[in-house]
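[1] got a sequence here, can you build the structure:
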Amino acid sequence: MNPQSIAADPAINAFVMANAGSGKTTTLVDRVARLLLAGSRPDAILCLTFTKAAAAEMQRRLYQRLGAWAVAGDAALQADLGKLEGRPAATYGADDLSRARALFARALETPGGLKIQTIHAFCEQLLRRFPVEAGVSPSFRVIDDVEAGAIAAVARQALARLSLDGAYPGLSDAYAAMSESLHHDAFEAMFGVFEARRAALADYVERSHGLEGLPDAVARSVGLSGAADLDAEVFEAAAADPARIDTESWMWVANVLGRAKAAGDKSRAGDIHAFVEATRSGGAGFDALAALVLTKDGSPATWVTRSAAVKAEPGLGDWLLREQARIVAAADQARAARVATETLHALTLAGVYAQAYEAAKTASGSLDFADLIVRARNLLTDGPGAAWVLYKLDGGVDHLLIDEAQDTSPEQWDIARALTEEFFAGSGARADGRERTVFVVGDEKQSIFSFQGAAPERLLAESQTYRRLAEGAGRRFETVELLQSWRSTAEVLELVDGVFASAENAQALSPGRGLIGDRADVIIRHAAGRDDGPGTIDIWPVERDDDSDERRAWDEPLDVAQRRGARRRVAERIVTEVRAIVEGGEGVHDKASPDRKGWRPADWGDVLILVKKRGAMFEEVLRALKRSGVPVAGADRLKLAEHPVFEDLLALGRAAMFPEDDLTLAGVLRSPLCDVDEQGLFDLAQSRSGSLWQALKTRADERPEWTEARILVRWMRKEAAARTPFDLFARLLNRRAARGLTVRQRFMTRLGGEAADALDAFLDQARAAEGRGVTDLERFCAVLAAIDQTVKREMDEPRGEVRVMTAHSSKGLEAPIVILPDTIFSEPKGDALLETEDGGFLWCGSSKRDCEASAAARELRKRRNEEESLRLLYVGLTRARDRLIVGGRVNARAKMESVRAWWSPIDTALAALKGVREVATASGPARRFGGEPRRLERAAATVSPPAAPPAWLTSEPARELAEGALSPSRMDGAARAAAPSPLATGGTPGAVLGRFRRGDLIHRLLERLPDIAPADRPDAARRLLARERDLDEVQREEMIAAAFAVLEDARFAPVFGPGSRPEVAITGVFGGVPVSGRMDRLVVTPDRVLVADYKTNRPAPDRAEDADPAYIRQMAVYVSVLGQLYPDRPVEAALVWTDGPRLTPVSQALMDAAIAAR
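    Numbering: from 1, shown residues only. All right, here's what the predicted structure looks like:
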């Protein structure tokens, strides 16, 4: 029986160690399907995955299979079930087929659906079900990174206040010491370190019996006896005590060295003489004593054992060695005391910070993602409520499945253990005989998330723990290895096996294999499941920086060095190679072919470029791809505050609030929001006499892009006063400019596909900010400018673009062509927090200050980092299906024999393979292993350019009369006529109004002033226009005069007299079409109805016949609808022109003619 069938057997408990590409998701789906076939309740199966994407994919595959069974014919279903369960198809009867077909409906009808979810989602549900037992608010919120950052800031402020009141032992000293020893950025970064390990640090403080017991615990962790030994100066003072200094013997040493011929000995003799004199005078101090027999880094000086003069003097060497040992011991104790003191200060701050953070979260009723795990773990394992909770859960879970188990943290393993311990109590079965099982899938070779607490050793240890539990209960347990890879070609897998062939590399990949005890040596091996053709592996020569690159003139422009640097050359070679692969018709394996053995031409989306970190090479590759026009998906992570989309949108927000800020407005003009080019900005700004905003307002009509920019800023200023940030920016992104593109489309045209993700993230932050009470633009801009959040872009599926990401991000992905351009690097040194072998912590910022314990912890971290780096290399190599390309870059003086990182094991493995040859590729020379790339016919490989979008895509849709409610004032679909003022072409400098602004403001005055007493109207009008801060006094007075000319003219008395109302909404039907509008003034008296509409055009026409026909048709609609409402009295219409002013009656005949002409 094959390993997949064994693993999927629902009767066994199993740990599956699955090589990359070996079909672990298929195995999980098979397992769940067989559990359902065996009669397990869908709601009794709990499957925990590491990511939402993995959970969704597993659920999709399972429903796809169950759905296929529901509609399959008898023969097909028998064959499928037989293949799944390893039984002859003929053994399945009608009842078996009926049960299988019903599974799809059972799964769909299960309340809440199948429980395939992330561990965090499960923990959240658990806490919401048992909030009292968990000690959390029943209505707790799960906060995102932004809110967590805000709470962390509150906690830091609380910590600073607590350090002043002496509420916690040692806190004041700790805060003062760390704030003095660290510069500001390092002090702030320290809290980031605390935050990353908050739960572990708090747990360690608790295990040390709190802050009171912490000094003793820290002292013991560095080899000291207790808190009394934390003063380093005590050890140094004791060692340098004149009473303990044998000055006679030191003079003996000085005399012997003084007679020696070696210059070094004579120099030391003088130093010793000076030391003895100082000691006899009262004490020279420990530093002077240590300088005699220790080096600057604190190690024993070698002259003590190498000096010929000392060797020739009987007994002197022995005495010197004893004295040196005494001084070394004192120095070691002093170093340990200093490390312990620094650690005590750091852990004291970490412990109180954790408490302050928890208090701030509790006050806001919030939990972060780490809390979900820790609180759920505590709920299931600690306190009197744990037994009750487990009792209530015992009837709900019969089968636990864990995916990606190598990424499971210790706290998550504790949750799994608590949920399943009852599985192996007694018979491990239900009263009705149903077996309860544990099924775990993982690969310790892919454990790359140590920063989240995951460790490969824990996966293998848990395997042995569950084996003991199962066998102790008389249950079957299997450790199944899936060695066959269905993803990569045999050549790729052969290289992978070669890279990890050495015992050192193999042990790094599987550091806990010795726990299983099934073999003495770790052997990494893979079997290829594909036989559709050979793969290709190319290793490029390492690019070396020129020596001149490193010693260039200090004032040389940076872009000159970048143009000739090794990273640039690697990036440009990638572009050349990728173009040759895609445009040259190179073939890749087609997974979608009927027999899964077909090949097709490569596409841009088939290329995956992986780097170790997002550094200079990452950026260089992205720049080169974009510069060359190769479709590229952009960065896989978006640091929101630094993304151009965020910067441009926030700049527009600030420009709307503070338009006189020239630099901000200039940035907006040059952004995709306005698309003013460099020359256009220069022309606008160069000769201006005032601000850039004043220049834009005055000269906008000179160029269409300036006009568009002015309209945008004014629109933003107007809308910002009435809308929340989310509403404002959502409308902005969908706002269509004169050229037909929306703002969203403009960003994507300029910045590419990643702009869409950044825009969505911006709106997400706007919505989240509103949820936190940030509803005005100024606060919103301040909040988002300070945001420190990185968003992961969903790049799981290729979208016709080259993907560039870190090897960490590629976990779970695959691609036909994988390029590793950055295989030579140095491992990061890490922060000052060091974890010891026993789970404790030390704080030491520099290896030069290490004591024995911190040096051991630093070496442990280095070894673990190197091991994880090799596991990360395994992940990167195994993403490749058909082709793998490897490159690297070194500085000018690097020696290749000392280069390690990823390059060394790859280079060593390639040298051991047979059939490696030198080839000339499109981009340059390379060493090749495997077959030659397939070349498909040019016609099949041609990448067609995208079709031009149809014109209707970017044009305004035509409005049909029968569509929606028609507005009388817009019934012709034309723009409103302008209402110009004499000030538009003269008057005060910069006093230019928009096309409709003057008319809108006069309308507002005529709407509000008639209801105010005549004596109070002038002051009311000035107060109203005073709110328009961009108007000057001349403009305001001109508008007030126009409004009062109408109000004070006796001819208009009926319009503003008894029975009149302003801004009256009207709805009805005109010509079979629904209409909806708003009348400026309506007068209803017992004997007639009068509707009036204000017009601010200049000059006003003398007759109604000379008015714009659109105005006449508008009045005709009003009269028609009002006639339906007031059939018992005549309805009249008039236009009120503010220029003059003038009242123009509109006759029924004129309105009938205007409608007929339309």
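[2] residues contacting stretch 185-202, please?
    Residues from elsewhere that reach stretch 185-202 (C-beta atoms under 8 Å, 6 or more residues apart in numbering): 152, 156, 178-179, 182, 346-347, 349-351, 353-355, 357, 370, 374, 411, 451, 453, 831-833, 839, 841. (C-beta placed from N, C-alpha, C; glycine too.)
[3] which of those fall in helices?
    Using DSSP state H, 152, 156, 178-179, 346-347, 349-351, 353-355, 357, 370, 374, 411 are the members of the contacts of stretch 185-202 that sit in helices.
[4] ok, back up a step: just the buried ones from the contacts of stretch 185-202, in PyMOL syntax?
    Selecting only the buried entries of the contacts of stretch 185-202 in PyMOL, with 16 or more other C-beta atoms under 10 Å as the criterion:
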select buried, resi 152+156+178+179+346+347+349+350+351+353+354+355+357+370+374+411+453+831+832+833+841
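[5] can I get stretch 1128-1141 in PDB, CA atoms only?
    What follows is stretch 1128-1141, C-alpha atoms only, in PDB (Å, rounded to 0.1, in the frame of the first residue of the first chain):
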ATOM      1  CA  ASP A1128     -57.700  73.500  -9.800                       C
ATOM      2  CA  ARG A1129     -55.500  76.600 -10.400                       C
ATOM      3  CA  PRO A1130     -53.200  78.000 -13.000                       C
ATOM      4  CA  VAL A1131     -49.400  77.300 -12.800                       C
ATOM      5  CA  GLU A1132     -47.000  80.100 -13.900                       C
ATOM      6  CA  ALA A1133     -43.200  80.100 -14.400                       C
ATOM      7  CA  ALA A1134     -40.600  82.800 -14.200                       C
ATOM      8  CA  LEU A1135     -36.800  83.100 -14.400                       C
ATOM      9  CA  VAL A1136     -35.200  85.400 -11.900                       C
ATOM     10  CA  TRP A1137     -32.000  86.900 -13.200                       C
ATOM     11  CA  THR A1138     -29.600  88.400 -10.600                       C
ATOM     12  CA  ASP A1139     -28.000  90.500 -13.300                       C
ATOM     13  CA  GLY A1140     -30.200  93.600 -13.500                       C
ATOM     14  CA  PRO A1141     -32.000  92.200 -11.600                       C
END
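[6] that one - what's its average pLDDT?
    Throughout stretch 1128-1141, pLDDT has a mean value of 85.
[7] any buried residues in that stretch, and which?
    Buried residues in stretch 1128-1141 (16+ other C-beta under 10 Å): 1131-1138, 1140-1141.
[8] among these, which one lies nearest to residue 267?
    residue 1138 (101.3 Å; C-beta to C-beta).
[9] contacts only, for that closest one.
    For residue 1138, the contacting residues are 1002, 1006, 1042-1043, 1045-1046, 1094-1096, 1100, by C-beta under 8 Å, 6+ apart.
[10] per-residue confidence at the residue nearest to residue 291 when sequence neighbours are not counted?
    Among residues not flanking residue 291 along the chain, residue 271 sits closest, at 7.3 Å (C-beta to C-beta, 6 or more residues apart in numbering). Residue 271 carries a pLDDT score of 92 in this model.
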